[in-house]
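# Have a look at this prediction, sequence included:
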Amino acid sequence: MITRRNFLSISAKSLALFPFLFSTRANAASLSKLVLAGPPAPLSLPLARLAKKTTLPTALPNMEMRQWRNPDIMRAWMISGEVQVSAAPSNAAAILYNKGLPVRLLDVNNGGILSILTSNPSIKKFTDIKGKKVLLFFRGDTPDMIVRYLATKQGISPDTDMDISYVDSPFEALQMLLSSRAETVLLPEPAATAAIMKGKSHGMKLTRIVLHDVWEQVTDSKLPLPLGGTICQASLAEENPEIIKELQIGIKQSIKWINQHPAEAAQKFAGFFGLKAPVLQKSLETFPVSQLTAKVAKKDLEFYYTTLIEMSPKLIGGKLPDDAFYLG
């Protein structure tokens, strides 16, 4: 299960060295294989599917998919040139770019769906958590900040109107909910779906409040909360635009296939994420994968990044990325 260190959190250590360390460049002459990577989370699913395609567009070389559980590994792979494309939290992508690592954002997707799960029958909507105990994970990081932002925007002070406590990982929150040691917890997909399915089998009725829905209501944003996306080496984008174009087409086709075949997708990829196939299938059926290119999503991303800056500038590396960050 993903922990604070190995999913959303990106440490600042060694970031200043990135411009000097990044010496391996992807070019058409040497790129015999395209290596993709991602964490064991749903935002990696489009790349995992793309890597398994047997019939590839002409411009794409052979591909393989790797899994990273620690962003330090992802950074090392991107720096060395071992990996050219990776799924990543969208705020982590901004941090890397702002600290000098030559990466570009290809797209954003909804692989980071967050939900409040509660066994308290009096909680039916987000504002009902006022005055209640709520268990969160990744203190001071994006999930915590999103809950605090949504609460504040609806007149709820997180520090005085809520009784917030923390655990180190979604797995701990899930276990505390299912063992009735916590009534109301924050969970990502597919852990939230797993909680509902396991709870039901044990006679526990849980209410789900999807934070992406609350975000859309509070911000009037047409794009779901853009927590995840796909990054690539800047050299790949600059020297192989035909590969980037085919990647974007391939990712779009992968998403279409996943949404049309959730059962088959779950059977093929549940192992990559350490999940049981029925859980991943139900999660995909409940939340079909959606995706927009970075340039199309730029306005919504900048709104999201600005929100994070207001709460804690370090969450995106201190400033908005410039236009070069966003690929069309």
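Thanks, I have the structure now. Model, not experiment: these values are computed from the prediction.
# Q67 touches V35, doesn't it?
No. The pair Q67 / V35 is not scored as a contact, 11.8 Å apart, by C-beta atoms under 8 Å. C-beta coordinates here come from the backbone N, C-alpha and C atoms, glycine included.
# where along the chain do the strands fall?
All strands of the chain, identified by DSSP state E, fall at 33-38, 62-67, 85-89, 103-109, 114-118, 133-137, 163-167, 184-188, 207-210, 228-233, 291-293.
# Out of the ones you listed, flag the one nearest W257.
Smallest distance to W257 across the strands of the chain (C-beta to C-beta): 12.6 Å, for strand 291-293.
# Just give me how far that closest one sits from the chain centre.
Distance of strand 291-293 from its chain centroid, counting by C-alpha atoms, centre = their mean, to the nearest Å, is 13 Å.
# mind listing what that strand pairs with, with the direction of each?
Strand partners for strand 291-293, identified by DSSP bridges, are recorded as strand 103-109 (antiparallel).
# The partner strand to strand 85-89, inter-axis angle?
60 degrees (axes from the mean of the first three to the mean of the last three C-alpha atoms, to 10 degrees).
# and strand 103-109, which residues are buried?
Buried residues in strand 103-109, counted by 16 or more other C-beta atoms under 10 Å: 103-109.
# Including distance to P288 and pLDDT, could those go into CSV?
Converted to CSV, these look like this (distance: C-beta to C-beta, whole Å; pLDDT from 0 to 100):
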residue, distance to P288, pLDDT
V103, 27, 95
R104, 26, 97
L105, 22, 97
L106, 20, 96
D107, 16, 95
V108, 15, 94
N109, 11, 91
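# Could you identify the most distant pair in the residues you listed?
With C-beta to C-beta as the measure, no two of those lie farther apart than V103 and N109, at 16.7 Å.
# Kindly report the domain assignment for the protein.
Split into domains by automatic domain parsing, the chain comes to 15-111+224-325, 114-219.
# which of those has the lowest average pLDDT?
Mean pLDDT is lowest for domain 15-111+224-325 among the domains of the chain, at a mean of 86.
# one step back: figure out which of the strands of the chain is closest to T127.
For T127, the closest of these is strand 207-210, at 9.8 Å, according to C-beta to C-beta.
# buried stuff in that closest one?
207, 209-210.
# Can I get it in CSV? Just the C-alpha atoms.
Provided in CSV are the C-alpha atoms of strand 207-210 (Å, rounded to 0.1, in the frame of the first residue of the first chain):
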residue,chain,number,x,y,z
THR,A,207,-21.6,6.3,3.0
ARG,A,208,-19.2,7.7,0.3
ILE,A,209,-18.7,11.4,-0.3
VAL,A,210,-16.6,11.9,-3.4
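# Strand partners (parallel or antiparallel) of it?
Note on strand 207-210: by DSSP bridges, its sheet partners are strand 114-118 (antiparallel).
# Can you give the contact residues for the strand it pairs with?
Here strand 114-118 makes contact (C-beta atoms under 8 Å, 6 or more residues apart in numbering) with 123, 126, 129, 134, 143, 146-147, 177, 183-189, 192, 195-196, 206-212, 225, 227.
# Quick check: chain neighbours aside, which residue is closest to M145?
Setting aside the residues directly before and after it, M145 is nearest to M311 in space (C-beta to C-beta, 6 or more residues apart in numbering), at 4.6 Å.
# oh, I was asking about L174
Spatially, and ignoring its direct neighbours in sequence, L174 is nearest to A191 (5.2 Å; C-beta to C-beta, 6+ apart).
# cool, and G131?
Here the residue nearest G131, using C-beta to C-beta, 6+ apart, is D161, at 6.4 Å.
# Now do the contacts for that neighbour.
Contact analysis of D161 by C-beta under 8 Å, 6+ apart lists 130-131, 151.
# Ramachandran angles for it?
phi -100, psi 0 (degrees, to the nearest 10).
# returning to what we had before: ok, Q67 and V35, which is more surrounded?
With neighbours defined as other C-beta atoms under 10 Å, Q67 and V35 compare such that V35 has more, 20 against 16.
# how near is that one to S235?
Using C-beta to C-beta, to the nearest Å, we find V35 at a distance of 14 Å from S235.
# Give the burial count for L135, as a bare number.
Neighbour count of L135, defined by other C-beta under 10 Å: 22.
# Does it touch L186 like I think?
Yes. In this structure, L135 is within contact of L186 by C-beta under 8 Å, at 7.0 Å.
# Spell out which residues are contacts of both of those two.
Here L135 and L186 have A173 as joint contacts, going by C-beta under 8 Å, 6+ apart.
# Could you find the closest non-adjacent residue to T307?
Excluding the flanking residues, the one nearest T307 by C-beta to C-beta, 6+ apart is Y149, at 6.0 Å.
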